[in-house]
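Colleague: Okay, predicted coordinates and the sequence, questions at the end:
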Amino acid sequence: MENERRNFLKKAALAGASAMVIPSLMGFKEEDMDQAGKLRLDSSVESKLIVPKNNGLKITGTFLDEISHDIPHQNWGEKEWDLDFRYMKSMGIDTVIMIRSGYRKFITYPSEYLLKKKGCYMPSVDLLDMYLRLAEKYGMKFYFGLYDSGRYWDTGDMTWEVEDNKYVIDEVWKKYGSKYKSFGGWYISGEISRATKGAIGAFHSMGKQCKDVSGGLPTFISPWIDGKKAVMASGSSLSKNDAVSVEQHEKEWNEIFDGIHDVVDACAFQDGHIDYDELDAFFSVNKKLADKYKMECWTNAESFDRDMPIKFLPIKFDKLRLKLEAAKRAGYDKAITFEFSHFMSPQSAYSQAGHLYDRYKEYFRLK
Amino acid sequence: MENERRNFLKKAALAGASAMVIPSLMGFKEEDMDQAGKLRLDSSVESKLIVPKNNGLKITGTFLDEISHDIPHQNWGEKEWDLDFRYMKSMGIDTVIMIRSGYRKFITYPSEYLLKKKGCYMPSVDLLDMYLRLAEKYGMKFYFGLYDSGRYWDTGDMTWEVEDNKYVIDEVWKKYGSKYKSFGGWYISGEISRATKGAIGAFHSMGKQCKDVSGGLPTFISPWIDGKKAVMASGSSLSKNDAVSVEQHEKEWNEIFDGIHDVVDACAFQDGHIDYDELDAFFSVNKKLADKYKMECWTNAESFDRDMPIKFLPIKFDKLRLKLEAAKRAGYDKAITFEFSHFMSPQSAYSQAGHLYDRYKEYFRLK
Amino acid sequence: MENERRNFLKKAALAGASAMVIPSLMGFKEEDMDQAGKLRLDSSVESKLIVPKNNGLKITGTFLDEISHDIPHQNWGEKEWDLDFRYMKSMGIDTVIMIRSGYRKFITYPSEYLLKKKGCYMPSVDLLDMYLRLAEKYGMKFYFGLYDSGRYWDTGDMTWEVEDNKYVIDEVWKKYGSKYKSFGGWYISGEISRATKGAIGAFHSMGKQCKDVSGGLPTFISPWIDGKKAVMASGSSLSKNDAVSVEQHEKEWNEIFDGIHDVVDACAFQDGHIDYDELDAFFSVNKKLADKYKMECWTNAESFDRDMPIKFLPIKFDKLRLKLEAAKRAGYDKAITFEFSHFMSPQSAYSQAGHLYDRYKEYFRLK
């Protein structure tokens, strides 16, 4: 064994791997180990799927969560973002959505308005410019997410969001919208559910301004369904008892869609707040409502797991599969995810994400 | 420096490492860096242990936590599971226990009963078949964990578990038990502690059926001790005040063992709910009770840390060592762990796990 | 494509990389992939910073968090610690501070007093000795953190800490202080804020003993500011409403500094409990007080993120930058961090840490 290891070390050194560390692995031989001295994957082993492959709606869009509410930052530089866009592309993603241009005092681009009038902090990088360049480089469409002052979360009142975004929408369109052909649309980022006070008026006003300023570029929203898992991320409980019924959901969203459909082109309900056996019931109502108001029906397929005490790590593949299969059954138009870079990327800090990427490509025959 | 780097890059390229990235490391030279441009471990440095080595009970079994309550999924394919079984083997593991065959609507194998009668979701892979094949391939004994409907957790009543498992046990034995010689026993997965209503009858009934159907294959349970750390994973507190006393624990478990010992061969108490200086007191009672009822006394050495706000990451090695040393002092028969793949495996998403594996092998002179 | 892959595999094999696994990456070519078959970083891509570089106070010290309250253990051996000291050095760190020599029954060195009188557990490695050796090897100054019995956390009374540390300080100085020239000072580890009962007397007594026994080696404390984020790590809320005002903070700390400044040389307030736009107000008061009492004014720049539900992962770089820029503006003397090994090290289990290290070096022109 000792001799073998010496030979292995010698051979590896000749191949330029002089930096390696070799823990001994009892009962295993040198050919079982890779250059880092770890046991190696047997690439001839294949997973045996017992369900039909490629039977769900493929994910073709992702949020970019650079200004985060509740997902710790990965501290990537432009090098890593460039690589991530290539990974997205290799999975079939053609649409990237910056989830918000700012949250409270942290912002993604050096906005004169937000820096001077709102005391926001100067970011070290102009992320908006970077994302637009990368989207252009990799042939993707970029959606701009509006500014979130945090006041709506604190007060339930959306007036402040409308006011701030009047300036933000104008500023952004002038500085970036005309410059980059990748600027493809607007995401009205206020996350609402049910009868949020003043939401219809606010969404209509913001959607209209986005369209007016940009010659009618598409807009979308991504609300949550007020289901059993609609709980605070910072809280310790994982579910609640006063979840909305399908009927009540339909009634309330019929009213909201009625008020906004002329300026909002698509609705991508978050798919993680209801249980897996409620997917079909809610999805068919969502599709019916979207059809009625001639909106596109998207799904925001959450790629993180809401059922675990660690908030949040990548979702188990079968859960994502169930949701994408339901979206296909319901005839949805497009699937986007929140979000690729933490929860599905091979370079994510959570290596469960890279394995989710592998499972996803295996299922959709993308490899 | 620039010249050196160029030379290094050139040499590395010749050795096939053209893909590398080289961050500069002030004050360090090229020979300090590995092929990825990171500073490299000095493999001549050794830890200096000041405690006797190899002084605990070695871990020879692990749970497989594929259907998880509270540990986020790693999204491994069969390739990664195959590798993990090799890592287990290299650490001395001869027994793998699938913690449960299903939990609520998520299941590990395409059970006709659970799919049709219980509305469970079709899994994309037959994990039961995969584990049995891998156990066979690597010469391990596989224990099958019963189905957990979740109703006992919700209601405190085990009736439902008995009813469902009547079908599951039969079905599984017919389809897999006779096919794989690695099918080596049963894990009665209901996690109880103290005087759970109906638990004795339920455990007896399920244990008896397992034995009857399989020609007497061994069965075991793995309850928790109702100690100070027996709190909800989803809650925010880490300990409680109404912990059980050693005397009360003995009294209650004497009664339970008395009622089940003819059909349950071993009891592996979870070791993580009591404090480290309570180990000897509880362990000696457990051993005494097991001896009295001619059961084997195992320990379920938890390899995750219950003392941290992140629930859960790998345990600090010295905590695991204290528990395994106590198990040895108490004369326990076997140590299993919950569980290898997240908390001790070199390919775990938590890289603390790989280091725990290294510390474990260092202590037990396995390298 | 198949041909290309075969050629790539063949070439890679010639270069000694026979262990690789190649997932296919649709639309990408072999030259886009590294030896592990992953898409590779394009090292020509550079981040474009829009803020002045090198405009903050550089971090030159770090805590060593081996006996942890609330940060899960990395299970490193001496090899990994040796490497980490090199990474620290490459970032400009000259000072390492062991955060505490023990916490409740877990201790860092085989203390006769704590083992015999307090029932502490024997550690498997003498970490104190190891850190002193590594500090010597890499030319750093080591500060010893006092023992924390946990009783102050439970009772609010510091009497027990003073009593235990009488023995610990003597023992440690005799056994290690005279032996290692890297032994450079003392960290009085009791974490207080505002008018903790008996804190002034306790800190004075411990500080005096440290200085008396060691010929006047420097001492420091690292209290928290009782700001809006001063909440329990194990709790689920991230902020509170009864935060201290700047005026009240100044009044209380004036009193504390007055009582301890003759035996405490520096104060490194933790910078994470106040909001980013409160930094200047609190920092200028801290500096004024330190100047008044001729103490050094340090900042404990927390490199973990207090704003996220996962407690705790590495901080977003821009947050760290804002804090270090504020410390520079306030004329602080030194920045230390809690802590490098989990939150800034390229070998941290949290790979966000390695990226934070890259961002830090990029900003401070250290590469």
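Modeller: Nice, I can see it. Numbers count the residues shown, from 1 in each chain, chains lettered A, B, ... in the order given.
Colleague: mind listing the helices in chain A by residue range?
Modeller: All helices of chain A, identified by DSSP state H, fall at A:2-14, A:78-90, A:112-118, A:127-137, A:151-155, A:159-172, A:199-214, A:246-260, A:279-292, A:317-329, A:340-343, A:351-363.
Colleague: Tell me which of those sits nearest to chain B.
Modeller: Between chain B and those, the tightest spacing by Cβ to the nearest Cβ is seen for helix A:351-363, at 3.6 Å. For every residue, glycine as well, the C-beta is placed using N, CA and C.
Colleague: Packing partners of that closest one?
Modeller: Contact partners of helix A:351-363 among helices and strands, from 3 or more Cβ pairs under 8 Å, 6 or more residues apart in numbering or on different chains; DSSP states H and E: helix A:317-329, helix A:340-343.
Colleague: ok, residues contacting the longest one?
Modeller: Read that as helix A:317-329. Under the contact criterion Cβ atoms under 8 Å, 6 or more residues apart in numbering or on different chains, helix A:317-329 has outside partners A:51, A:55-59, A:271, A:276, A:279-280, A:283, A:299, A:301-303, A:305, A:335, A:356, A:359-360, A:363, B:73, B:75, B:106, B:121, B:123-124.
Colleague: rewinding a little: show me the least confident stretch of the helices of chain A, going by mean pLDDT.
Modeller: Lowest mean pLDDT of the helices of chain A: helix A:2-14, a mean of 43.
Colleague: For A:Ile99, list the residues it contacts.
Modeller: Contacts for A:Ile99 (Cβ under 8 Å, 6+ apart) come out as A:Phe63, A:Leu64, A:Asp65, A:Glu66, A:Ile67, A:Gly145, A:Tyr187, A:Ser189, A:Phe338, A:Glu339.
Colleague: Relative to A:Val172, which of these is nearest.
Modeller: Ranked by distance to A:Val172 (Cβ to Cβ), the contacts of A:Ile99 are led by A:Gly145 at 10.4 Å.
Colleague: That closest one is in contact with A:Ser189, isn't it?
Modeller: Yes. Using Cβ atoms under 8 Å, A:Gly145 is in contact with A:Ser189, at 4.3 Å.
Colleague: joint contacts of those two?
Modeller: Contacts common to A:Gly145 and A:Ser189, judged by Cβ under 8 Å, 6+ apart, are A:Ile99, A:Arg100.
Colleague: Touching, A:His342 and A:Ala353? I think so.
Modeller: Yes. Here A:His342 reaches A:Ala353: they are 6.6 Å apart, a contact under Cβ under 8 Å.
Colleague: Overlap of the contact sets of the two?
Modeller: In contact with both A:His342 and A:Ala353: A:Pro314, using Cβ under 8 Å, 6+ apart.
Colleague: which parts of the stretch 251-367 of chain A sit against chain C?
Modeller: Residues of the stretch 251-367 of chain A lying near chain C by Cβ under 8 Å from any Cβ of the partner chain: A:Ile310, A:Lys311, A:Phe312, A:Pro346, A:Gln347, A:Ala349, A:Asp358, A:Lys361, A:Leu366, A:Lys367.
Colleague: try it again with 7 Å
Modeller: Counting by Cβ under 7 Å from any Cβ of the partner chain, the stretch 251-367 of chain A comes close to chain C at A:Ile310, A:Lys311, A:Pro346, A:Ala349, A:Asp358, A:Leu366, A:Lys367.
Colleague: picking that back up, which of the contacts of helix A:317-329 are buried? Put it as a ChimeraX command.
Modeller: Selection of buried members from the contacts of helix A:317-329 for ChimeraX, criterion 16 or more other Cβ atoms under 10 Å in any protein chain shown:
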select /A:56,57,58,59,271,276,279,283,299,301,302,303,305,335,356,359,360,363 /B:73,75,106,121,123,124
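Colleague: Can you give me the separation between A:Ile188 and chain B?
Modeller: As judged by Cβ to the nearest Cβ, to the nearest Å, A:Ile188 and chain B stand 31 Å apart.
Colleague: Now do that residue, the pLDDT please.
Modeller: pLDDT for A:Ile188: 96.
Colleague: Would you quantify the distance from it to chain C?
Modeller: Distance check for A:Ile188 against chain C: by Cβ to the nearest Cβ, it reads 24 Å.
Colleague: same deal with A:Leu39?
Modeller: Distance from A:Leu39 to chain C, by Cβ to the nearest Cβ: 10 Å.
Colleague: Any idea how many residues pack against that residue?
Modeller: 20 (other Cβ atoms under 10 Å in any protein chain shown).
Colleague: Specify the beta-bridge partners of it.
Modeller: A:Met33 (DSSP bridges).
Colleague: Quick check, it in contact with B:Lys79.
Modeller: No. The pair A:Leu39 / B:Lys79 is not scored as a contact, 12.0 Å apart, by Cβ atoms under 7 Å.
Colleague: State the number of residues packed around the residue lying closest to A:Cys120 once chain neighbours are set aside.
Modeller: Nearest in space to A:Cys120, with sequence neighbours left out and distances taken as Cβ to Cβ, 6 or more residues apart in numbering or on different chains, is A:Leu114 at 4.2 Å. Residues near A:Leu114, counting by other Cβ under 10 Å, number 25.
Colleague: which non-adjacent residue is nearest the residue of the stretch 51-200 of chain A found nearest chain B?
Modeller: Closest approach between the stretch 51-200 of chain A and chain B, counting by Cβ to the nearest Cβ: A:Val51, at 4.8 Å. Leaving aside its sequence neighbours, A:Val51 sits nearest to B:Ser124 (Cβ to Cβ, 6+ apart; 4.8 Å).
Colleague: try A:Gly354
Modeller: Here the residue nearest A:Gly354, using Cβ to Cβ, 6+ apart, is A:Pro346, at 3.9 Å.
Colleague: Residues of the stretch 51-200 of chain A that sit close to chain C?
Modeller: When proximity is defined by Cβ under 7 Å from any Cβ, the stretch 51-200 of chain A lies next to chain C at A:70, A:72-80, A:82-83, A:86-87, A:89-90, A:105, A:110, A:119, A:121-126.
Colleague: Just the buried residues of those.
Modeller: The buried subset of those (16+ other Cβ under 10 Å) comprises A:70, A:72-80, A:82-83, A:86-87, A:89-90, A:105, A:110, A:121-126.
Colleague: show me what contacts A:Arg104?
Modeller: Contacts for A:Arg104 (Cβ atoms under 7 Å, 6 or more residues apart in numbering or on different chains) come out as A:Ser149, A:Gly150.
Colleague: Report how many residues lie close to the residue nearest to A:Gly354.
Modeller: Neighbour tally, A:Pro346, other Cβ under 10 Å: 21.
Colleague: Kindly report the same for A:Asp94.
Modeller: Neighbour count for A:Asp94, taken as other Cβ under 10 Å: 15.
Colleague: In this structure it contacts A:Ile59, no?
Modeller: No. If you go by Cβ under 7 Å, A:Asp94 and A:Ile59 don't touch, sitting 10.3 Å apart.
Colleague: A:Leu49 touches B:Val125, doesn't it?
Modeller: Yes. Counting by Cβ under 7 Å, A:Leu49 does reach B:Val125; the two are 6.2 Å apart.
Colleague: ok, back up a step: distance check, the residue nearest to A:Val51 against A:Phe144.
Modeller: Distance check for B:Ser124 against A:Phe144: by Cβ to Cβ, to the nearest Å, it reads 36 Å.
Colleague: just A:Tyr152 next, same as before
Modeller: According to Cβ to Cβ, A:Tyr152 stands 18 Å off from A:Phe144.
Colleague: Tell me which of the two has more neighbours.
Modeller: For the pair A:Tyr152 and A:Phe144, the greater number of neighbours falls to A:Phe144 (30 against 22), based on other Cβ under 10 Å.
Colleague: Okay, and the beta partners of the more buried one?
Modeller: Applying DSSP bridges, one finds that A:Phe144 bridges with A:Trp186.
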